[in-house]
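Asks: From the sequence below, what's the structure:
(one chain, ligands or ions: 2)
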Amino acid sequence: MLVKELINPASIAVVGGSNNTHKPGGKVIENLLSGNFEGPIYPVNPKEAEIQGLKAYSSSADLPNVDLAILAIPASLCTATVKTLTEQKGTKAFIILSAGFSEESEDGAKIEREVVDIIKAHGGSLIGPNCIGVLTPSYNGVFTTPIPKLDPRGCDFISGSGATAVFIMEAGMPKGLTFSQVFSVGNSAQIGVEEVLEYLDETFDPEHSSKVKLLYIESINKPQKLLKHAKSLIRKGCRIAAVKAGSSSAGSRAASSHTGALASSDGAVDALFRKAGIVRCYGRDELTTVASVFMHPPLPGRRIAVITHAGGPAVMLTDALSNGGLEVPPIEGPAAEELKEHLFPGSSTANPIDFLATGTAEQLGRIIDFCDTRFDMIDAMVVIFGSPGLFEVYDVYQVLHEKMRSCKKPIYPVLPSIINVKNEITDFLAKGNINFPDEVEFGRALSRVNATPPVSPTEPEPPEIDRQAIREVIAVADSGYLPPEAVQQLLDAAGIPRAGEQVAGTVEEAASAAAALGYPVVMKVVGPVHKSDVGGVVVNVKTEEKVRSEFNRLMQIKETTGVLLQPMLNGQELFAGVSSEPGFGHVVLCGLGGIFVEVLKDVQSGLTPLGQQEALSMIRSLKGYRMIEGTRGQEGTDEYLFADILTRLGALVETAPEIAELDLNPLLGSPNYVCAVDARIKVDKESYHG
Ligand code: ADP
Ligand code: MG
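Replies: Numbering: from 1, shown residues only. Ligands and ions are numbered 1, 2, ... in the order given. The predicted structure is shown next:
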């Protein structure tokens, strides 16, 4: 938990405070002095009497009582200092800027643990070590520049890396992005990204708290905590964007099943973000652009008017918006004709609305008014207006500034001439606006925000499954791949449709099974894990004679213990699976079967428990979704039936968390049914410690 002294201290000591502002201990004092902090600042430095005009103390023991201590001293001195401050000076909040702890050596890790233990024992909070510090509305506790404009409506930003925090602020500031609070958590010895988010959630005040949260995360240590508080904040009206760096698969993984090979810790991150409603970004510019989108009113619909005085950027923006699932609909009719009369000859109102290089502020105002009140086919506007450098554009940006406040529909400004009309843009930003300097970055960010599914207001209703039957199967199962009978029982108990099937041990049993199932049948070996690879699957067997000959051939295949017969079904090949991700829980995956999964890796992930809406959103996010909808005369699949199977898989593994991997590959899908024809379930009782 973060103590209040960390956010709003009455007094601050800087241990290792210095007159040299090129050192962290000097810079942090300079920043504190230039910021809002109104209480006393106590530098501690044995070699100086005065530091930057402040009385210096020669040791921590000489200090008066102090709320917050910022330490910029070698790691080896930290334990003693923290002891003195907690025991004698009532200090509750600590920020350790210094490096040389767990990130460096085992000795450093030991000091880090000692320091945390002392602070915890006194009910205090530690940010760091190895961080740039903290910015809150009450003080500038960082040793870096630039210090962004602090604004209660700005972003709350939590970063797992200090240097990256600086670069992200540097990426945001020229756009006009402001910050409310910044936390650089460094080694996260006591307080990590998850704990800060928890604090922001628990102290959220709808009137005064910032509604935009940005995260830069290098490792998600407590996925469930992150999920809980992100979801809760979003339900309270916040919007969250995050970069999770490092998307390669973690750890070694038994990849004998398809799901094992396809699942990755990155897929789990995707699943977590989807469930939490976090907009996932992959770089600093994207993160700060998405944050800038968040600073505007939410899109009420997907139809955008592109208003421009230059053709090129409008076309590039239109492409970016259309590719991202937004629309730039044609604008026509009497109102469009009427607008045209107010513009110079040669202007176009078709959308993009191009009012030419000679377009004026007055014309812009009129275009915006038409879009706001007369064009019903428009939900929001983007205004692109730069300058070739021949004249000033203060009047244009003033109109934009006013209309952004008076119009019902959101207006996004794209002001590309950051050199030619630098002063005008500075003036525009100083009035509290944000600029999107690049139209394509903006178009992508807006699309990404729009495509992030909303968090469901309540937790999903679990599907009806036979939990007792599932537990009975698991109780007697051995670790490893389950035999066909156990797989059948689990699917039936979970209500997942499967092809009728029978296992035959003799040629006579095979013949009578085929007759009972009805021709044509499919015959498969029981035993080998990848049946087709060993020639162990025969489809479309139409006669008893063929059943007999194939039975005899299949039984010769290595490791084969029997032959499974199924009716031959038609349908679109689909894939569903589950894998268990350490820390995250179970991840349900879905995709189209065959090359879509194996070659194109077109797979979506969701964390359990999975609701119908979330399952549908996974299916709809597949690149091959149009195949499921049905395309070019080909029948698709009932997506609701497919989604139902995904929610049932989620419920199955929640009931049987010992299931480490599960593949339904393929399911055969049609407008009338979705049915599993091949299922593999691997149980791991050893590493599951429920
Ligand atoms: P494996 O994945 O072990 O190779 P499968 O049981 O998935 O074995 O069978 C291989 C392929 O045979 C499937 O991907 C599917 O195309 C086809 N197939 C399997 N069972 C049926 C069935 N009952 N009806 C129609 N096609 C099937
Ligand atoms: Mg298969």
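
Asks: Is Gly500 in contact with Pro567, as I believe?
Replies: Yes. The criterion here is Cβ atoms under 8 Å, and Gly500 meets it with Pro567 at 6.1 Å. C-betas here are computed from N, CA, C, even on glycine.

Asks: higher neighbour count, the two?
Replies: A direct count of neighbours by other Cβ atoms under 10 Å for Gly500 and Pro567 places Pro567 higher, at 17 against 14.

Asks: can you pull the contacts of the nearest residue to that one once chain neighbours are set aside?
Replies: Leaving aside its sequence neighbours, Pro567 sits nearest to Leu517 (Cβ to Cβ, 6 or more residues apart in numbering; 4.9 Å). Listed by Cβ atoms under 8 Å, 6 or more residues apart in numbering, the contact set of Leu517 reads 500-502, 565-567.

Asks: Likewise for Glu459?
Replies: 609, 611.

Asks: Repeat the analysis, applying 10 Å as the threshold.
Replies: 231, 609, 611 (Cβ atoms under 10 Å, 6 or more residues apart in numbering).

Asks: repeat for Asp492
Replies: 465-466, 469-470, 473, 498.

Asks: What does the pLDDT read for the residue nearest to Pro567?
Replies: Leu517 is assigned 95 on the pLDDT scale.

Asks: let's have the chain start at 778 instead
Replies: Yes, from this point I'll number from 778; that puts the last item at Leu1294.

Asks: Domain parsing of this protein, as residue ranges.
Replies: 781-905, 916-1071, 1081-1220, 1277-1345, 1349-1460 (automatic domain parsing).

Asks: TSV for these, including distance to Tyr1258?
Replies: As requested, these are exported to TSV (distance: least, Cβ to Cβ, whole Å):
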stretch	distance to Tyr1258
domain 781-905	40
domain 916-1071	8
domain 1081-1220	40
domain 1277-1345	7
domain 1349-1460	5
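
Asks: what about the closest residue to ligand 2 within the chain, neighbour count?
Replies: Nearest residue of the chain to ligand 2, counting by Cβ to the ion: Asp1455, 3.6 Å away. Neighbour count for Asp1455, taken as other Cβ under 10 Å: 22.

Asks: wait, it sits on Leu1444?
Replies: Yes. Contact status for Asp1455 versus Leu1444: in contact at 8.5 Å, counting by Cβ atoms under 10 Å.

Asks: Any chance you could list what contacts stretch 977-986?
Replies: Outside stretch 977-986, the residues touching it (Cβ under 10 Å, 6+ apart) are 778-779, 781, 784, 914, 929-930, 933, 935, 957-958, 960, 987-988, 990, 1005-1015, 1017.

Asks: Skip the chain neighbours and tell me the closest residue to Met1093.
Replies: Met1093 sits nearest to Val1217 (Cβ to Cβ, 6+ apart), 5.3 Å away.

Asks: hmm, I was thinking of Met1300
Replies: Met1300's closest residue in space is Val1315 (Cβ to Cβ, 6+ apart), at 4.7 Å.

Asks: shared neighbours of Gly1277 and Pro1344, anything?
Replies: 1293-1295, 1452.

Asks: Who wins on neighbours among the residues you listed?
Replies: Cys1452 (23 neighbours).

Asks: Name the helix or strand for it, please.
Replies: Under the criterion of DSSP states H and E, Cys1452 resides in strand 1451-1453.
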